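Participant: Sequence and predicted structure, then a few things I'm wondering about:
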There are 2 protein chains.
Amino acid sequence: MGVGATARDDATDIALRALVEPRRRAILRLVADTELPAGAIADAFEVTRTAVSQHLTVLRDAGLVTERRDGTRRLYRARPEGLAELRSFLDDMWATSLLTAKNLVEADRERQSES
Amino acid sequence: MGVGATARDDATDIALRALVEPRRRAILRLVADTELPAGAIADAFEVTRTAVSQHLTVLRDAGLVTERRDGTRRLYRARPEGLAELRSFLDDMWATSLLTAKNLVEADRERQSES
DNA sequence: ACCTTGTGTTAGCATTCACTAACGTTAGTG
DNA sequence: CACTAACGTTAGTGAATGCTAACACAAGGT
């Protein structure tokens, strides 16, 4: 039995890694209900705009936010489609976990019949 | 406006960080359909048992796997409840993303009425 | 044109993390 | 009790990453 192809993992890995950082999750929530520029986001936390800019780059590469230019400013907002991909990926994990619950019962049954 | 409480994030952060590592995801899938000891898991990949042991410790601390002793061996298996917590957390993210879709339409409407 | 404002980018540093190697621990066997 | 087998744990190393500081670029106002 193989290890399990991780081709799809690679596609989701970027988005998942982007979500792991707590500050990036906070940024994502911030731009979820309001379209904001990098400066306003930096003011919300206690970090430099540089850090926020890098976080936004990571989120954009992960397809979790989109960028819209408005004069000298660049407004960011969350991208529901990116989160949808993650959702389907994790749904597979849930399905696997259900499989585990089934085997859990079977294991109990075996233990009882062997003792 | 506050940054947004991250009290719940802290609780989920451990599980989420555990899932980010591709090898840990692979281990999780491996112990999802079969109860396995650390040695067998190590044989499935090309890593030492030490690394697998540490990964299992992380997964156990995250509540994603449980340990059952059988003589000198310790059998591991996935823990559906741990994944369920992550699911509810991420469902909040999805809900937030839907909110974004709504605001997206509103932003378009504003832009049309201002131009 | 000059200067201010708002932003992205690069260099360097400190921390974190996954991995290997060596040692300690527990359970079964003679 | 000695010996082996199966795991876990600690120390140490190399790579990845989040952060700040300095620099570069684009747009608008005077």
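Facilitator: Ah, there it is. Just so we're clear, the structure is a prediction, and the values are computed from it rather than from any experiment.
Participant: need the residues of chain A near DNA strand C, please.
Facilitator: A:37-40, A:49-50, A:52-54, A:56-57, A:67, A:72-74 (Cβ under 7 Å from any atom of the strand). (Each C-beta comes from the backbone N, C-alpha and C, glycine too.)
Participant: List, out of those residues, those positioned next to DNA strand D.
Facilitator: A:50, A:54, A:72.
Participant: What about the first one, how many residues nearby?
Facilitator: The burial count assigned to residue A:50 is 10, neighbours taken as other Cβ atoms under 10 Å in any protein chain shown.
Participant: pLDDT below threshold where in chain A?
Facilitator: Along chain A, the parts satisfying pLDDT under 70 run over A:1-11, A:93-115.
Participant: Do a quick rundown of the strands in it.
Facilitator: Assigned by DSSP state E, the strands in chain A fall at A:36-37, A:65-70, A:73-78.
Participant: so what strands line up beside the last one?
Facilitator: What that stands for is strand A:73-78. strand A:36-37 (antiparallel), strand A:65-70 (antiparallel) (DSSP bridges).
Participant: Which one, of those strands, ends up nearest to residue B:83?
Facilitator: With Cβ to Cβ as the criterion, residue B:83 lies closest to strand A:65-70 of those, at 26.2 Å.
Participant: close enough to count as contact, residue A:23 and residue A:47?
Facilitator: Yes - counting by Cβ atoms under 8 Å, residue A:23 touches residue A:47, with 7.3 Å between them.
Participant: Buried ones among the residues of chain A next to DNA strand C?
Facilitator: A:37-38, A:40, A:52, A:56 (16 or more other Cβ atoms under 10 Å in any protein chain shown).
Participant: Spatially, which two of those residues are the most separated?
Facilitator: Across those, no pair lies farther apart than A:40 and A:56, at 11.9 Å, counting by Cβ to Cβ.
Participant: ok, now which ones touch the residue lying closest to residue A:17 once chain neighbours are set aside?
Facilitator: Nearest residue to residue A:17, sequence neighbours excluded (Cβ to Cβ, 6 or more residues apart in numbering or on different chains): residue B:20, at 5.6 Å. For residue B:20, the contact set (Cβ atoms under 8 Å, 6 or more residues apart in numbering or on different chains) comprises A:13, A:16-17, A:20.
Participant: Closest one of the residues you listed to residue A:84?
Facilitator: Checking these against residue A:84 with Cβ to Cβ, the nearest one is residue A:16 at 13.6 Å.
Participant: Tell me the spatial nearest neighbour of that closest one, not counting adjacent residues.
Facilitator: residue B:20 is the one closest to residue A:16 (Cβ to Cβ, 6+ apart), at 5.7 Å.
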